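Undergrad: Quick one, fold the following:
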Amino acid sequence: MAKIAEGRFGANTLRRDLIRFGSAVGIATVFSAVQVFVIPRRLDVAAYGHYRLFLLLVNYFGLLHFGLGEGAYLRWAGQSAERIAREWRRIGSWLLAIQVIVVIIALCVAPLLEPVTRVYVIAVAVCAMFVNLSALSSFALQAIGEFRRAGRVVFIAPSLFIISVLLVPHVTFLTALCCYVGSFAVAATYGSLCVLRVPISHTEASTPIALGHLIMTGFPVLAASLAGGLSQSIDRLLVSVAVPITSFAVYGFAATASVAANSATQAISRVALSHAANWPSETRARFLGGFYDLISLGYGIGLVAEPLFERMVTQYLPAYALSLPIVRALTMGLPFWVATHVVLVGTLQSYGRVRRQLAIELAGVAFVALLAGIAILLHAPLWVVGAASTTGACATLITGSVVVRRAIPEAKAQRPVRFGALIALQGASLIIALQLAGPWPAQCAIYALLAFAPTVIAARSARSHDW
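TA: Numbers count the residues shown, from 1 in each chain. Below is the predicted model of the structure:
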């Protein structure tokens, strides 16, 4: 594989950026994992169900800026740090103005709503302002190549949230939301200060920025991103409508298994896209296809912790022990979602095929909604709904691979079938280990033994890529 020229995004910086940004996202994942055991213990089951429902809404905060952030990120690709920092000031003021208008509308509408709905509306509007501002700052830092500071923006919010929840004497649904919003306010402030510190000499010629153009170019990317989030959460939305809030709390708790996968997607995709744009078009698809091996390697290693996780849930959160079969069912589909968004969506974005990206995401929504909806209509156990979601994830990867190969001939060098086979072997190893009676260390050891071969194959393949 041909190498690219050295520089801010040279081939020799990929591992460094993956380590820096990945470590920050990893820290955020650790704090998110701690939340799994802290928040349910500090809230009753009904309040935790409302909290999980709020987290579903968080995935769609981007709608409240109409794709302005995504449009800016596309514009900043390959630009100088000075130009990015200068344009961030103007684009950031536009985004802030939009979000302030949304907050004002929420405050005007809130008195007309029921108390619980009123809390949701105000919290969503205020939190969206800080989430979107922190995201814009992170986009700017990533485009500049400051992955260390961009990573800090990512982990500040979850770390401060869990610390504040632990310090509050009595946690209610309302105080939990206040802690959540406040943590993102700090993250947005830090990210903004980091971009403001980038020096601007005013010697570089500025180019005009049109708000409408940014929204027009960014909204398709935002729509695809939201469709991708919806494809991974549509099962939860359907369950929230079909079952009582306490049952949804159990399913929502099981869905926390996706925390690690979402973190991996965020860490890998941002770094991969920043570097892929600097590879020649004839080798770019093969470069991104190499992340199949990295994903299967991470999945194989990560599953070692599943028996310990189940033991901790049984011991410390017995009210949520019923969620463990759902956790297993959802865990099987996580690597397929990661691969879809890192490899397939990343390939389409790097070649400018955004419409096909949206088609893949919408197909994922359709697959999961159909399969999970059928399971719910048949009154199947919730773990079956989770298995249906996993089947939809697999179908999305297969369909997306076909779409990408037809749209981009260079993508034929990618190997999704081999990836699927390795994931199936690793997942089957976990199921076998969990079915065998015994303490969790023995289950971990059995899994490690059974999954050793496919994980080593993935490791060797990952090392073979000329990154």
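Undergrad: what about stretch 83-97, average pLDDT?
TA: For stretch 83-97, the mean pLDDT works out to 91.
Undergrad: Only the C-alpha atoms, please, for that stretch, written as CSV.
TA: This file holds the C-alpha atoms of stretch 83-97, laid out as CSV (Å, rounded to 0.1, in the frame of the first residue of the first chain):
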residue,chain,number,x,y,z
ARG,A,83,-8.2,29.6,8.8
ILE,A,84,-10.1,27.1,10.8
ALA,A,85,-9.6,29.1,14.0
ARG,A,86,-10.8,32.3,12.3
GLU,A,87,-13.8,30.7,10.7
TRP,A,88,-14.7,28.9,13.9
ARG,A,89,-15.4,32.2,15.6
ARG,A,90,-18.0,33.2,13.0
ILE,A,91,-19.6,29.8,12.6
GLY,A,92,-19.7,29.4,16.4
SER,A,93,-21.5,32.7,16.8
TRP,A,94,-24.1,31.5,14.3
LEU,A,95,-24.5,28.2,16.0
LEU,A,96,-24.9,29.9,19.4
ALA,A,97,-27.5,32.3,18.1
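Undergrad: can you give me how far whichever strand or helix holds Trp383 is from the chain middle?
TA: Assigned by DSSP states H and E, Trp383 belongs to helix 382-407. Distance of helix 382-407 from the chain centroid (CA atoms, centre = their mean, to the nearest Å) equals 17 Å.
Undergrad: Quick check: which helices or strands does the helix or strand following it pack against?
TA: Remark: after helix 382-407, the chain's next helix or strand is helix 416-435, criterion DSSP H and E. Contact analysis of helix 416-435 by 3 or more CB pairs under 8 Å, 6 or more residues apart in numbering; DSSP states H and E lists helix 291-302, helix 306-316, helix 324-331, helix 334-339, helix 382-407, helix 440-450, helix 452-464 as its packing neighbours. The C-beta positions use only the backbone N, C-alpha and C, and glycine is treated the same way.
Undergrad: Against which helices or strands is the helix holding Trp383 packed?
TA: On a contact count with 3+ CB pairs under 8 Å, 6+ apart, helix 382-407 meets helix 211-242, helix 245-254, helix 324-331, helix 334-339, helix 345-350, helix 354-377, helix 416-435.
Undergrad: Return the most buried member of those.
TA: helix 334-339 (a mean of 28; mean count of other CB atoms under 10 Å).
Undergrad: So which elements touch it?
TA: helix 258-276, helix 291-302, helix 382-407, helix 416-435.
Undergrad: how about TSV for the ones you listed, with distance to Gly228 added?
TA: Output for these, formatted as TSV (distance: least, CB to CB, whole Å):
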stretch	distance to Gly228
helix 258-276	9
helix 291-302	16
helix 382-407	9
helix 416-435	17
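Undergrad: Which stretch among these approaches Val126 most closely?
TA: helix 258-276 (22.8 Å; CB to CB).
Undergrad: and the closest one, how far out from the chain's middle?
TA: For helix 258-276, the distance to the chain centre is 7 Å (CA atoms, centre = their mean).
Undergrad: okay, the angle between that helix and helix 382-407?
TA: 10 degrees (axes from the mean of the first three to the mean of the last three CA atoms, to 10 degrees).
Undergrad: After helix 258-276, which helix or strand is next?
TA: Counting by DSSP H and E, what follows helix 258-276 is helix 281-289.
Undergrad: Export that next one to CSV, keeping only CA atoms.
TA: Written as CSV, here are the backbone C-alpha positions of helix 281-289 (Å, rounded to 0.1, in the frame of the first residue of the first chain):
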residue,chain,number,x,y,z
SER,A,281,-8.0,7.7,-4.2
GLU,A,282,-6.7,4.3,-5.5
THR,A,283,-5.5,3.2,-2.1
ARG,A,284,-8.0,5.1,0.2
ALA,A,285,-10.6,2.3,0.3
ARG,A,286,-8.0,-0.3,1.1
PHE,A,287,-6.7,1.9,3.9
LEU,A,288,-10.1,2.2,5.5
GLY,A,289,-10.8,-1.6,4.9
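Undergrad: What residues sit buried inside it?
TA: Thr283, Arg284, Ala285, Arg286, Phe287, Leu288, Gly289 (16 or more other CB atoms under 10 Å).
Undergrad: show me what contacts the most centrally placed residue in the chain?
TA: What sits nearest the mean C-alpha location of the chain, by CA atoms, centre = their mean, is Asn262, with 3.2 Å. Asn262 makes no contacts at all, as judged by CB atoms under 8 Å, 6 or more residues apart in numbering.
Undergrad: what does the model give it for pLDDT?
TA: At Asn262, the pLDDT recorded in the model is 75.
Undergrad: Count residues in the vicinity of Ile457, would you?
TA: When neighbours are counted by other CB atoms under 10 Å, Ile457 registers 18.
Undergrad: Ignore what I typed, I meant Ala260.
TA: Neighbours around Ala260, by other CB under 10 Å: 22.
Undergrad: Roughly how far does Ser134 sit from Ile156?
TA: 8 Å (CB to CB, to the nearest Å).
Undergrad: quick one on the thing from earlier: any idea how far Val58 is from the residue nearest to the centre of the chain?
TA: 11 Å.
Undergrad: Same question for Asp235.
TA: Taken as CB to CB, the span from Asp235 to Val58 is 17 Å.
Undergrad: His341 contacts Thr265, correct?
TA: Yes: under the criterion of CB atoms under 8 Å, His341 makes contact with Thr265 at 5.1 Å.
Undergrad: So between the two, which is more surrounded?
TA: Higher neighbour count among His341 and Thr265: His341, with 30 against 24, using other CB under 10 Å.
Undergrad: Need phi/psi at the more buried one.
TA: phi -90, psi -30 (degrees, to the nearest 10).
Undergrad: Now do the contacts for it.
TA: Counting by CB under 8 Å, 6+ apart, the residues that His341 touches are Gly228, Thr265, Ser269.
Undergrad: Please produce a markdown table containing those residues, extended by distance to Ala321 and pLDDT.
TA: Compiled in a markdown table, the contacts of His341 are given as follows (distance: CB to CB, whole Å; pLDDT from 0 to 100):
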| residue | distance to Ala321 | pLDDT |
| --- | --- | --- |
| Gly228 | 31 | 78 |
| Thr265 | 28 | 79 |
| Ser269 | 34 | 78 |
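Undergrad: which among the residues you listed gets closest to Leu167?
TA: Thr265 (30.7 Å).
Undergrad: Distance check, that closest one against Leu273.
TA: Separation of Thr265 from Leu273 (CB to CB) stands at 12 Å.
Undergrad: Likewise for Val456?
TA: 29 Å.
Undergrad: Compare those two and say which one has the larger neighbour count.
TA: Neighbour totals were compared for Val456 and Leu273, and Leu273 leads with 19 against 12 (other CB under 10 Å).
Undergrad: Quick check: nearest residue in space to the more buried one, chain neighbours excluded?
TA: Gly346 (5.6 Å; CB to CB, 6 or more residues apart in numbering).
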